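**Student:** Structure for this input, please:
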Amino acid sequence: MLLEGLKIGFAITGSFCTLDKIMPEIEKLKNEGADIYPIVSYSVDQMDTKFGSAEEWRNKIIEITGKKPVASITGAEPIGPGAFLDVLIVAPCTGNTLAKLANGITDTPVTMAVKAQLRNGKPVVIAISTNDGLGANAKNLGLLLNTKNIYFVPFGQDDPVKKRNSLMAKMDLILPTVQNALKGVQIQPLLV
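**Tutor:** Residues are numbered from 1 along each chain as shown. Down below sits the predicted model:
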C-alpha cells in the first residue's frame, strides 16, 4: 500500500459539479492505506443542488472515510496545534477558496485547515476547479504557485471554447501529486 500509516486531510469545497469526480479519488487514497480526515466547506455542508443534497454528500463521505466531516472553523483549528496530518488535500478547490488562500482569509473550515497545515510546514495539495482561473483568479493562482508547501494537481482548461477562463485539475492525478508533495516535489507537467 502506497500510503500506509499516513494521515490525510481531504478538504472539499463547493464545486458541486466536480464532487462525483473526487469521491473515487478519496476511495483510492483509502484503499492505499491512508487514514482520511474529511473537511467540508459551509457550502458543501449546507447546500442542496442539482448535483445532490448536502446530506447525500455527507453520507457518501462518511461511508468512504468512516468519519463525520469537519464542518466548522473550530473543528478544523486543532489541525494546527495537533500537527497530526501528513498532507492536506483541497479538492475540488473553488476560485473563491483559491482567492481566500492567496489572500490569507480564514473564514471557512477549509481555509482554517489549510492555515493550520501550513503553520506546521506540511504539504497542502490543491486540485482546482474554477470558472475564472484564467480570469480574475489568475493572480491568486500565481501567488499560490509560488507559495512554500503548496502543491498543485496538474490542471488545464476544461472547456476552452465555452468557458475560456475555466480550469480543472486532473482529479485522477491526486494520488501521484500527494506522493510527490510528501517528498517536497511539485509533480510535472503541471499544465496538461
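**Student:** Let's check: the centremost residue of the protein is which one?
**Tutor:** residue 90 (0.9 Å; CA atoms, centre = their mean).
**Student:** Next secondary structure element downstream of whichever strand or helix holds it?
**Tutor:** Using DSSP states H and E, residue 90 sits within strand 87-93. Using DSSP H and E, the next helix or strand after strand 87-93 towards the C-terminus is helix 95-102.
**Student:** Report all helices and strands that that following helix contacts.
**Tutor:** strand 87-93, helix 109-119, strand 124-130, helix 138-145 (3 or more CB pairs under 8 Å, 6 or more residues apart in numbering; DSSP states H and E). From N, CA and C alone the C-beta is placed, and that goes for glycine too.
**Student:** Ok, which of the ones you listed comes nearest residue 41?
**Tutor:** Closest approach to residue 41 among these (CB to CB): helix 109-119, 4.9 Å.
**Student:** then the closest one to PDB, C-alphas only?
**Tutor:** In PDB, the C-alpha atoms belonging to helix 109-119 read as follows (Å, rounded to 0.1, in the frame of the first residue of the first chain):
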ATOM      1  CA  PRO A 109     -13.400  25.200   7.800                       C
ATOM      2  CA  VAL A 110     -11.300  24.500   4.700                       C
ATOM      3  CA  THR A 111      -9.300  27.800   4.900                       C
ATOM      4  CA  MET A 112      -8.700  27.200   8.600                       C
ATOM      5  CA  ALA A 113      -7.500  23.700   7.800                       C
ATOM      6  CA  VAL A 114      -5.100  25.000   5.200                       C
ATOM      7  CA  LYS A 115      -3.800  27.700   7.500                       C
ATOM      8  CA  ALA A 116      -3.300  25.200  10.300                       C
ATOM      9  CA  GLN A 117      -1.500  22.700   8.000                       C
ATOM     10  CA  LEU A 118       0.800  25.500   6.600                       C
ATOM     11  CA  ARG A 119       1.500  26.600  10.200                       C
END
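**Student:** Alright, calling it a day.
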